[in-house]
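Visitor: no FASTA, just this:
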């Protein structure tokens, strides 16, 4: 005998014209097809079990779909990807210099939850963390995966690999009581053998990729911001070992010589790339090396270099010299045809302001479509996740964002994301 609940369910099924549906439906007024580089009007996106199952022209009947998201007045695109962030911290000038002595790893992790929330609400559903000690980014990655905390999908490099005294050596310029050799386990190497050990240590710790600091940097407590800091055999050892373990290699590099050594060694991406010249750009094109520009970080440090007391006396002149150059370098690299993937170095500039990078890229000569592609289909390719991320297509993870208006006419709208979905679940609004 059928009880009243069963009868009610059958009635609902009959009204829907078949089996009851629990799929999600999005009606998109405009859909940016980043694979084809064009905009589609009046589209329907069907989502099942966290993945896109159908993308159809026209607005299909919404009856029976739950939930249903009406984005007919908005421009819809894939979830955005930032290929260079540091989720465990954020620049706060001189006041932040004591954090490493006062905060425990748990404090950093708890504080980072607000950074992750800001980033996700800005429309960035995936990020690549390029360097955090104490296993922080790896633990945050896992916490997001398990649903313990809210945030973007994280691909983590773990502790970046540096050389003694180089950018990324944690004990630079400290009191002698705190200065010691961290060794390969702590991400500081000297020689090819230690370089190989450091890669294997990152594998042991569960990292997703390798990050090395191929030249001096701006925020490290060292005088030179662009000198090469790895010998050719050290970079080559890292790249060859990384290949054995299935790792991509990202290289922080400002100075010309360090960039060229990294490119010739076969790394996957150059981060920042401030002093790259035409010869390096030709080499990158020939080898298919990606460029992740991080203009936002350059703008931020250049501005803060003008503020008395914000930076340490070793940092301030580097910030003033290097910061203003990155945007112009990016413009030349884009014009030369170097492959570009979106990255901000968020954590230098505040988390959640990642979308500002789109404005800087367009200011430097990139088309609005190419800017959006750099943070979607291009980033997914560099991330080796093109089968999962980067476009709105059947079979891919249902990461979807939307803005009010047309970002192809006004790129500043990318800083005003109004709808965010990750893995088929709307997280904003």
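Guide: Looks like it came in fine. Treat the numbers as computed from the prediction; the structure is a model and nothing was measured. Numbers count the residues shown, from 1 in each chain.
Visitor: those strands in the stretch 301-429 of the chain, which residues are they?
Guide: 339-340, 400-404, 417-422, 425-428 (DSSP state E, counting those that start in this stretch).
Visitor: and the ones you listed as CSV, adding mean pLDDT and distance to residue 351?
Guide: Quick note: C-beta positions are derived from backbone N, CA and C, even for glycine. What follows is the strands of the stretch 301-429 of the chain, written out as CSV (pLDDT from 0 to 100; distance: least, Cβ to Cβ, whole Å):
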stretch, mean pLDDT, distance to residue 351
strand 339-340, 98, 22
strand 400-404, 98, 17
strand 417-422, 98, 14
strand 425-428, 97, 15
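Visitor: Can you tell me the number of residues neighbouring residue 50?
Guide: Residues lying near residue 50 (other Cβ atoms under 10 Å) number 14.
Visitor: do residue 251 as well
Guide: Other residues within reach of residue 251 by the criterion other Cβ under 10 Å amount to 32.
Visitor: circling back to that earlier point, export the strands of the stretch 301-429 of the chain to TSV and append columns for mean neighbour count and distance to residue 69.
Guide: Formatted as TSV, the strands of the stretch 301-429 of the chain follow (neighbours: other Cβ atoms under 10 Å; distance: least, Cβ to Cβ, whole Å):
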stretch	mean neighbour count	distance to residue 69
strand 339-340	20	31
strand 400-404	23	9
strand 417-422	22	7
strand 425-428	14	6
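Visitor: For residue 88, which of the ones you listed is the nearest?
Guide: strand 417-422 (20.4 Å; Cβ to Cβ).
Visitor: Bridged to residue 70, which residues?
Guide: Assessed by DSSP bridges, residue 70 has beta-bridge partners residue 27.
Visitor: got a list of what residue 38 touches?
Guide: With contact set as Cβ atoms under 8 Å, 6 or more residues apart in numbering, residue 38 has no partners.
Visitor: Looking at it now. What's its pLDDT?
Guide: With respect to pLDDT, residue 38 scores 97.
Visitor: Same question for residue 110.
Guide: 96.
Visitor: So which other helices or strands are in contact with the helix or strand hosting it?
Guide: If you go by DSSP states H and E, residue 110 is part of helix 105-121. Applying 3 or more Cβ pairs under 8 Å, 6 or more residues apart in numbering; DSSP states H and E, one finds that helix 105-121 makes contact with helix 136-145, strand 417-422, strand 425-428.
Visitor: closest to residue 245 out of the strands of the stretch 301-429 of the chain?
Guide: Short answer: strand 339-340, nearest of these by Cβ to Cβ, at 23.5 Å.
Visitor: Partner strands of the closest one and their direction?
Guide: When DSSP bridges is applied, strand 339-340 pairs with strand 290-292 (parallel).
Visitor: Can you pull the domain assignment for the chain?
Guide: What automatic domain parsing lists as the domains of the chain is 4-78+392-428, 80-382.
Visitor: Could you identify which of the ones you listed has the lowest mean pLDDT?
Guide: domain 4-78+392-428 (a mean of 88).
Visitor: Could you check how far that domain is from the centre of its chain?
Guide: Computed by Cα atoms, centre = their mean, to the nearest Å, the chain-centroid distance of domain 4-78+392-428 equals 24 Å.
Visitor: which residues does residue 324 contact?
Guide: By Cβ under 8 Å, 6+ apart, the contact list for residue 324 reads 298, 302.
Visitor: Redo the helices and strands packed on helix 105-121 as CSV? Include distance to residue 221.
Guide: Output for these, formatted as CSV (distance: least, Cβ to Cβ, whole Å):
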stretch, distance to residue 221
helix 136-145, 20
strand 417-422, 36
strand 425-428, 38
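Visitor: Tell me which of the ones you listed sits nearest to residue 78.
Guide: Judged by Cβ to Cβ, the one of the helices and strands packed on helix 105-121 that comes nearest to residue 78 is strand 417-422, at 10.2 Å.
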